[in-house]
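**Student:** Any chance you could fold what I've pasted below:
(4 chains)
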Number of protein chains: 2
Amino acid sequence: MNFSVYEYPRPAVTVDTVVFGLDDDCLKVLLIKRRHAPFAGSWALPGGFIEENEPLECAARRELAEETGLSDIFIEQLYTFGDPGRDPRGHTISVCYYGLVNLSEHEIRGASDASEARWFAVNALPELAFDHDEIIRMALQRLKGKVRYQPIGFELLPQKFTLSQLQRLYEIILEKPLDKRNFRKKILGMDLLIDLNERQQDVAHRAARLYRFDEEKYNLLIKNGLNFEI
Amino acid sequence: MNFSVYEYPRPAVTVDTVVFGLDDDCLKVLLIKRRHAPFAGSWALPGGFIEENEPLECAARRELAEETGLSDIFIEQLYTFGDPGRDPRGHTISVCYYGLVNLSEHEIRGASDASEARWFAVNALPELAFDHDEIIRMALQRLKGKVRYQPIGFELLPQKFTLSQLQRLYEIILEKPLDKRNFRKKILGMDLLIDLNERQQDVAHRAARLYRFDEEKYNLLIKNGLNFEI
DNA sequence: TCAAAAGTGTTAACCATACACCCATGC
DNA sequence: GCATGGGTGTATGGTTAACACTTTTGA
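**Tutor:** Residues are numbered from 1 along each chain as shown, chains lettered A, B, ... in the order given. Have a look, this model is predicted:
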């Protein structure tokens, strides 16, 4: 059979991923320095062309691993950008993802098409290739929106964390201060944190309790129509 | 310069749109009957291949107009599906949109690649081509989520509507009954409806007041960080 | 003993919910 | 005059928001 699909020119399809990491007091984005044209030497999001018969999310993970060494992290589809003109090589559609990672628990290294990989504070980004600044803006907006009604923020923290770290996370993402007592009341009231009965080590002040997120319980509650809200 | 992009085989790229319409008492989806293989004669979402250098949303609008006659409606990107195997013709990525329209104010007609276009109640859909059932499920979920914190529901109503119509809309989408007095208190309290000082005509009972949504005011409030919530 | 962050309760304002009857209109 | 949907207020309980001091620990 002679399918009409083959008669038409096709756009190229890429995947790009905005990976957020949380440093002590600011949100960072993982960028790579491009080894090849176009925009050789510019900073850009990790990403690249999808391969034949490769699922989209796999392509995003593959490119991320190839160019930055990151693997097994939380990612989720963000939006698809396809304005003609966004890539000087011609019509190119980019299916974009955003990811969250605990900065301190993962090593990054530039490789493959990336001569370098580095974390940049979201409010101090360099000039970026393509429309990647727009993609990052959109990812930030999504993160801000989503963190309030889905417990994705935990992906940005180490497995074991203190309530103050969690509060700081929300303050950084939402860009507004939260009241300590009210925050603790609310979070603990949801009963989704497991108190590990451990304390911080080697801090120059009273050591805080460590908690971890109870994912199983959350998944159970979800089915019964819980609504998580900060 | 010899860009590497040209060395690789490319997937095909399509756009598909899930258009919701509101009938008196149920939510409907606009489907077309496919004229060509694959799935000739099956019901499917309106959509098709994007053209060279065509922006994604334009492609979605063009296909929708070609196949169903609908134009100038609210649409928004939903998700991009790209599993290999979702299209028997080979690797095909579909950038999907969802749209909202007032059923009674728009005529539809099947044309172009569609031998027919018809509204189907969301809970009585026929067998669908490709993975279009999955796409519709996702669109429904998005609609349910979004309608609560963004006033997109108004797109489903005529310009002038009654509070009861608006309430019914939310009840249908959210699939739960709402209290009349509380609903009115809340909606009118947001101060986003303009009372037109007009009444329904030709109804077999007391005629209701007509309102319209104050989009300008909403846009103003948005900038100052309003949160609309039902 | 000082600095730095952890941890802890109460009150008042606001918001969400539950609930039932009269009104206007056309047939 | 009856059937149909339009329109209206109040009381209660729960949730959010504001607010300051004591405790622990290491340096």
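**Student:** which stretches of chain A have low pLDDT?
**Tutor:** A:1-7 (pLDDT under 70).
**Student:** Nearest residue to A:P88 in space, please, no chain neighbours.
**Tutor:** Nearest non-adjacent residue to A:P88, counting by Cβ to Cβ, 6 or more residues apart in numbering or on different chains: A:P38, 4.9 Å away. All C-beta spots, glycine's among them, are computed from the backbone N, C-alpha and C.
**Student:** cool, A:D23 as well?
**Tutor:** A:L103 (5.6 Å).
**Student:** Same check on A:H36?
**Tutor:** In space, A:H36 is closest to A:D113, 6.0 Å off (Cβ to Cβ, 6+ apart).
**Student:** Nearest the geometric middle of chain A, what residue?
**Tutor:** Nearest residue to the geometric centre of chain A (Cα atoms, centre = their mean): A:G99, 2.3 Å.
**Student:** Tell me the strands beside the host helix or strand of it, with direction?
**Tutor:** Secondary structure assignment for A:G99, by DSSP states H and E: strand A:92-101. Partners of strand A:92-101 in the sheet, by DSSP bridges, are strand A:12-22 (parallel), strand A:74-81 (antiparallel).
**Student:** Check what contacts stretch A:181-201 and list those residues.
**Tutor:** A:151, A:160, A:162-163, A:166-167, A:170, A:207-214, A:217-218, A:221, A:228, A:230 (Cβ atoms under 8 Å, 6 or more residues apart in numbering or on different chains).
**Student:** one step back: quick check, the residue nearest to A:P88 in a strand?
**Tutor:** No - under the criterion used here (DSSP: H, G, I helix; E, B strand; the rest coil), A:P38 is coil, not part of a strand.
**Student:** My guess is it contacts A:G90. True?
**Tutor:** No - with contact defined as Cβ atoms under 8 Å, A:P38 does not reach A:G90; the gap is 10.7 Å.
**Student:** what's near enough to touch A:A40?
**Tutor:** Contacts of A:A40 by Cβ under 8 Å, 6+ apart are A:R34.
**Student:** My error: substitute A:S94 in the last question.
**Tutor:** A:V13, A:T14, A:V15, A:D16, A:G47, A:T80, A:F81, A:G82, A:R86, A:F130, A:I135.
**Student:** if we can go back for a sec, count of residues packed around the residue nearest to A:D23?
**Tutor:** Here the number of neighbours of A:L103 (other Cβ atoms under 10 Å in any protein chain shown) works out to 19.
**Student:** That one is in contact with A:C26, isn't it?
**Tutor:** No - counting by Cβ under 8 Å, A:L103 stays clear of A:C26, with 10.3 Å between them.
**Student:** follow-up on the earlier one: what's the closest of the strands paired with strand A:92-101 to DNA strand D?
**Tutor:** Across the strands paired with strand A:92-101, DNA strand D has its closest neighbour in strand A:12-22 (22.9 Å, Cβ to the nearest atom of the strand).
**Student:** Determine the next helix or strand in the C-terminal direction from the closest one.
**Tutor:** Defined by DSSP H and E, the subsequent element after strand A:12-22 is strand A:27-34.
**Student:** which other residues reach the next helix or strand after that following strand?
**Tutor:** Using DSSP H and E, the helix or strand that follows strand A:27-34 in sequence is strand A:43-44. Contact with strand A:43-44 is made by A:31-34, A:118, A:120, A:125-130, A:132, as judged by Cβ under 8 Å, 6+ apart.
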